[in-house]
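Colleague: fold the following, please.
(chains A and B)
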Amino acid sequence: MAQKPSIPKGTRDFSPAEMVKRNYIFETIKEVFRLYGFQPIETPAMENLSTLMGKYGEEGDKLLFKILNSGDFAGNVQDETWTEKNSNKLTSKISEKGLRYDLTVPTARFVVQYQNEIIFPFKRYQIQPVWRADRPQKGRYREFYQCDVDVIGSNSVLNEVELVQIIDDVFSRLKIRTVVKINNRKILSGIAEVIGENNRIADITVAIDKLDKIGLEKVNAELSEKGVSSEAIENLQPILALKGSTAEKIAQLENILSGSGIGLKGIAEIKKLFGYLGNLQLNTEVELDLTLARGLNYYTGAIFEVKAKDFEMGSICGGGRYDDLTGIFGLPNVSGVGVSFGAERIYDVLLQANLFPQHSAETTKVLFVNFGEREEAYCLPVLAGLRKMGINAEIFPDSAKMQKQMTYANKKNIPFVVLAGESEMQAQKFTLKNMETGEQNSVSAEELINILSQS
RNA sequence: GUGGUUGUAGUUCAGUUGGUUAGAACGUCGGAUUGUGGUUCCGAAGGUCGUGGGUUCAAAUCCCAUCAUCCACCCCA
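Modeller: Prediction:
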């Protein structure tokens, strides 16, 4: 046996059966995006490293896949650069491109680059793979798809409302019961301000984020370890302990944050958002969750996270608002708000719950068994008629054994088989077999098309 | 980046204190069945035991190295 071929760690092949399922998710998501007026863009798999570096923090830079320069990349490097063995320095000499790490930064680049052509507010969606040189583990890959939908260039809370509607719409169609958790960065900033730790927002939010994971005590321990004063931690306790309905939480927070301008601004936004959402007939639950911080530190307003009920699984969708999306590329004061659907995790949920449709537009509906040349000729016009009606149909290309052809239909999960041999030809009929019930009928060409276009 | 796990047939895995020719299930192919699949029965093909070295009369089994894999942590989707 020759050496077994393989693919890089953390990457995957997708079989036809898997692609049918994946496309079901992507198509459902796209349909909903279009329904709200979003249009697709695509950007290249690779970006200039100058576009990517420094946008994801120090960790992120390490997790970027870098592309070796073409040609004689080593020739221009000075000897001392090699011998110094400083990877960072060396990298900049031999690599100037990298694989995209997410879709947000390329979109920001896109907006800045085409700012004079883009119609604002820019409502775009983008479904493409991204790459991270992370160490893969369960449910985490080095190549995976992101399904982003964003509105860029509008500060209106109406966008947040519509994003929640989109989330509701998508998961209703996929039949996944969800709860949408919402928070606001300004409230978190307000909290930091009120407890007197203005510039420790990052540490505080990261710690708060872990509240339901590691518990109150460990969060407090982590906070003091990070250098947050014990007084501030003390002041934080009533906030962490907030209970009750969203409306009740908001009322209490309004009180607590009365001394913080930014905090009150956040309250106002949240109030408006929940006010709108309250009047909509949503299937999903929506709640204010102050422990929701998300690691990304560029969010400045609303923060979203969607969890699947009935499943032990991380979030299946998340996002938020960032007020200065494009500033780093030289276009300040452009706000963006969006969410990203986690296709891989949604796939796992649908698979576990057996929620994928049995047959889709991408599977064959009917197979014609091949009995020989004369029979082939007899079948071809009907086959063409079926396809004209938009029915996926195929004929087995060789007059192989019947058993083999039936097995083929069975494995491809084709629901109908047509048998047309000598006796059928004589009677100008076709035998239509239902592969699920085993039942079969003799029908004319016209009836065949009628039956298949209706079932 | 840190810690651990496992590498045996296409796949999932057995394989005794080291001992003759390395097994099973599923899958594949063929047959029972020249026009009937998914359920039955019979048969066949398929392995340099991840790779390299060492210990031994003898290694899938013990030791070392190396590569790969999966899992957890950090972080994230």
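
Colleague: low-confidence regions, chain A specifically.
Modeller: Residue ranges of chain A with pLDDT under 70: A:1-4, A:212-213, A:294-297.

Colleague: give the buried residues for the longest helix belonging to it.
Modeller: Of all the elements of type helix in chain A, the one with the most residues (DSSP state H) is helix A:16-35. Residues of helix A:16-35 classed as buried under the neighbour-count rule (16 or more other CB atoms under 10 Å) are A:20-22, A:24-26, A:28-30, A:32-33. C-beta: built from backbone N, CA, C; applies to glycine.

Colleague: and it, what does it pack against?
Modeller: strand A:122-131, strand A:143-152, helix A:157-173, helix A:343-352 (3 or more CB pairs under 8 Å, 6 or more residues apart in numbering; DSSP states H and E).

Colleague: so for A:G261, which of these sits nearest?
Modeller: Ranking these by their distance to A:G261 (criterion: CB to CB) puts helix A:157-173 first, at 18.0 Å.

Colleague: quick one: the closest one to strand A:143-152, angle?
Modeller: Relative orientation of helix A:157-173 and strand A:143-152, computed by axes from the mean of the first three to the mean of the last three CA atoms, to 10 degrees: 140 degrees.

Colleague: now do the buried residues in helix A:157-173.
Modeller: So, applying 16+ other CB under 10 Å, buried residues of helix A:157-173: A:157, A:159-171.

Colleague: among the residues you listed, which pair sits farthest apart?
Modeller: Using CB to CB, the two most remote members of these are A:V157 and A:F171, lying 21.5 Å apart.

Colleague: for the stretch 301-450 of chain A, which residue gets nearest to RNA strand B?
Modeller: Scanning the stretch 301-450 of chain A for the residue nearest RNA strand B gives A:G421, at 2.2 Å (criterion: CB to the nearest atom of the strand).

Colleague: quick one: end-to-end distance for stretch A:49-56.
Modeller: Length of stretch A:49-56, first residue to last, CA to CA, to the nearest Å: 12 Å.

Colleague: list the buried residues of it.
Modeller: Within stretch A:49-56, the residues that qualify as buried are A:49, A:51-53, A:55-56, counting by 16+ other CB under 10 Å.

Colleague: any idea how far the closest residue to A:L351 other than its chain neighbours is from A:L325?
Modeller: Leaving aside its sequence neighbours, A:L351 sits nearest to A:K21 (CB to CB, 6 or more residues apart in numbering; 7.5 Å). Distance of A:K21 to A:L325, given as CB to CB, to the nearest Å: 33 Å.

Colleague: same question for A:I395.
Modeller: On the measure of CB to CB, A:I395 and A:L325 end up 53 Å apart.

Colleague: of those two, who's got more company?
Modeller: The neighbour comparison of A:I395 against A:L325 (other CB atoms under 10 Å) goes to A:L325, with 27 against 19.

Colleague: so what's the more buried one up against?
Modeller: For A:L325, the contacting residues are A:104, A:107-108, A:111, A:152, A:298, A:334-336, taking CB atoms under 8 Å, 6 or more residues apart in numbering as the criterion.

Colleague: neighbour count and distance to A:L68 added to those residues, as JSON lines?
Modeller: Output for the contacts of A:L325, formatted as JSON lines (neighbours: other CB atoms under 10 Å; distance: CB to CB, whole Å):
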{"residue": "A:T104", "neighbour count": "24", "distance to A:L68": "26"}
{"residue": "A:T107", "neighbour count": "22", "distance to A:L68": "26"}
{"residue": "A:A108", "neighbour count": "25", "distance to A:L68": "26"}
{"residue": "A:V111", "neighbour count": "23", "distance to A:L68": "29"}
{"residue": "A:I152", "neighbour count": "23", "distance to A:L68": "33"}
{"residue": "A:Y298", "neighbour count": "18", "distance to A:L68": "30"}
{"residue": "A:V334", "neighbour count": "23", "distance to A:L68": "34"}
{"residue": "A:S335", "neighbour count": "20", "distance to A:L68": "37"}
{"residue": "A:G336", "neighbour count": "26", "distance to A:L68": "33"}
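
Colleague: would you mind naming what in the stretch 51-200 of chain A lies close to RNA strand B?
Modeller: Proximity of the stretch 51-200 of chain A to RNA strand B is assessed by CB under 7 Å from any atom of the strand, with A:59, A:102, A:132, A:134-142, A:144, A:146 identified as the residues in range.

Colleague: out of those residues, which sit inside helices?
Modeller: Among those, the subset assigned to helices under DSSP H consists of A:E59.

Colleague: pull out the buried members of the residues of the stretch 51-200 of chain A next to RNA strand B.
Modeller: The neighbour-count criterion (16+ other CB under 10 Å) marks A:102, A:132, A:136, A:141-142, A:144, A:146 among these as buried.

Colleague: out of those, the closest to A:K186 would be?
Modeller: Minimum distance to A:K186 across these is 23.3 Å, recorded for A:D102 (CB to CB).

Colleague: pretty sure that closest one is touching A:P129, no?
Modeller: No: assessed by CB atoms under 8 Å, A:D102 is found out of contact with A:P129, at 10.8 Å.

Colleague: any residues in contact with both of the two?
Modeller: Common neighbours of A:D102 and A:P129 (criterion: CB under 8 Å, 6+ apart): A:Q146.

Colleague: what about the residue of the stretch 301-450 of chain A closest to RNA strand B, neighbour count?
Modeller: That count, for A:G421 with other CB under 10 Å as the rule, works out to 15.

Colleague: how about the contacts made by it?
Modeller: Here A:G421 is in contact with A:371, A:375 (criterion: CB under 8 Å, 6+ apart).

Colleague: I figured A:V112 hits A:L331, correct?
Modeller: Yes: contact between A:V112 and A:L331 holds when scored by CB under 8 Å: they sit 4.6 Å apart.

Colleague: make sure A:G318 is indeed in a strand.
Modeller: Yes: secondary structure of A:G318 (DSSP: H, G, I helix; E, B strand; the rest coil): part of a strand.
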